[in-house]
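A.B. asks: no sequence on this one, just coordinates:
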Ligand SMILES: Cc1ncc(COP(=O)(O)O)c(C=O)c1O
């Protein structure tokens, strides 16, 4: 029986296929000779190729609807998975999607690939910007222009990472606690962390859903650990206030590993290429170049360094992003 969870009191629109499955990766586990690796398939949430943002958008879009919005504005990089899922969610709910995207050096591509192609297919209105991320001034300008036309835009923050977005992963921790009830628990969960909202929700959700929370290791995709930790702590505080709970968490207990930043955001190196290849060849599992490839590469490296005991059970969160694979063909193709 499903127990009541704190987020049940919040407005929520159903967008994701839940619960997402958990799969064992026996071949990859054997090849690496370390812990038993399992994968939580949040790439299968279903919305226009799915991913982790869909869970966040269930709460964020509910806020937009409650505010009486007729348009949503969000922002991201050219291959942003968040922007693509937001655009798809907006169309599904009858809102007009506006995306502020960073203009790549040399300008937008003549032929759209990956997430950008999906944005075009769902009819997102794209506003290219040369402002440095997170594009606050451009977002404001787009909002003002829409308001001047009599529209009611609702702004969804970068990565959907505020208290309401985090609620998607508070509920995900209850989901997994329920899914694994009666099983030997996973000692450690490993996942990509970037704008921090998912990580914040997981830390808060684990503190609420478990008597003994698992170890949660976020592999940073773009920023130094201290920057992300501070942001995550802020989102946890805000989310705890919204829920009226006092989880007693400290910033020091938030684990962010920034050892795998490589050449920077969306720069694909040997770490990502190997992780993508191993997941595909040993398990027929696709991970993405920017987020899950880097996070899985980090997990593989931690395993090789002996960070886990043999027989330990580790859960890797597959948070999506594979829609971007074709956009990286030039650095991934093996011939
Ligand atoms: C595929 C994928 N995984 C992980 C993340 C990280 O989530 P968050 O931004 O909440 O840290 C993102 C964010 O864009 C993503 O697209």
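C.D. replies: Arrived safely. Bear in mind that the values here come from a model prediction, so they are computed numbers and not experimental data.

A.B. asks: and residue 99, what element?
C.D. replies: Using DSSP states H and E, residue 99 sits in strand 96-102.

A.B. asks: is that strand anywhere near the ligand?
C.D. replies: No. With Cβ under 6 Å from any ligand atom as the criterion, the ligand is not reached by strand 96-102; the gap is at least 13.2 Å. (Glycine included, C-beta is placed from N, CA and C.)

A.B. asks: Provide the strand pairings for that strand, with the direction of each partner.
C.D. replies: Applying DSSP bridges, strand 96-102 is found paired with strand 71-76 (parallel), strand 125-129 (parallel).

A.B. asks: Can you name the residues in contact with it?
C.D. replies: The contact list for strand 96-102, computed with Cβ atoms under 8 Å, 6 or more residues apart in numbering, reads 70-78, 80, 83, 86-87, 90-91, 116, 119, 122-130, 133, 135, 138-139, 142, 146, 151, 153.

A.B. asks: Give me the distance between the closest residue to residue 14 other than its chain neighbours and the ligand.
C.D. replies: Distance criterion Cβ to Cβ, 6 or more residues apart in numbering; nearest residue to residue 14, sequence neighbours excluded, is residue 58 at 6.5 Å. Per Cβ to the nearest ligand atom, to the nearest Å, residue 58 is found 14 Å from the ligand.

A.B. asks: What count of nearby residues applies to residue 334?
C.D. replies: Each residue near residue 334 was counted by other Cβ atoms under 10 Å, and the total is 7.

A.B. asks: what about it, distance to residue 288?
C.D. replies: For residue 334, the distance to residue 288 equals 16 Å [Cβ to Cβ, to the nearest Å].

A.B. asks: same question, residue 103
C.D. replies: Between residue 103 and residue 288 the computed distance is 22 Å (Cβ to Cβ).

A.B. asks: I figured residue 175 hits residue 21, correct?
C.D. replies: No. Contact criterion Cβ atoms under 8 Å: residue 175 and residue 21 do not qualify, at 11.2 Å.
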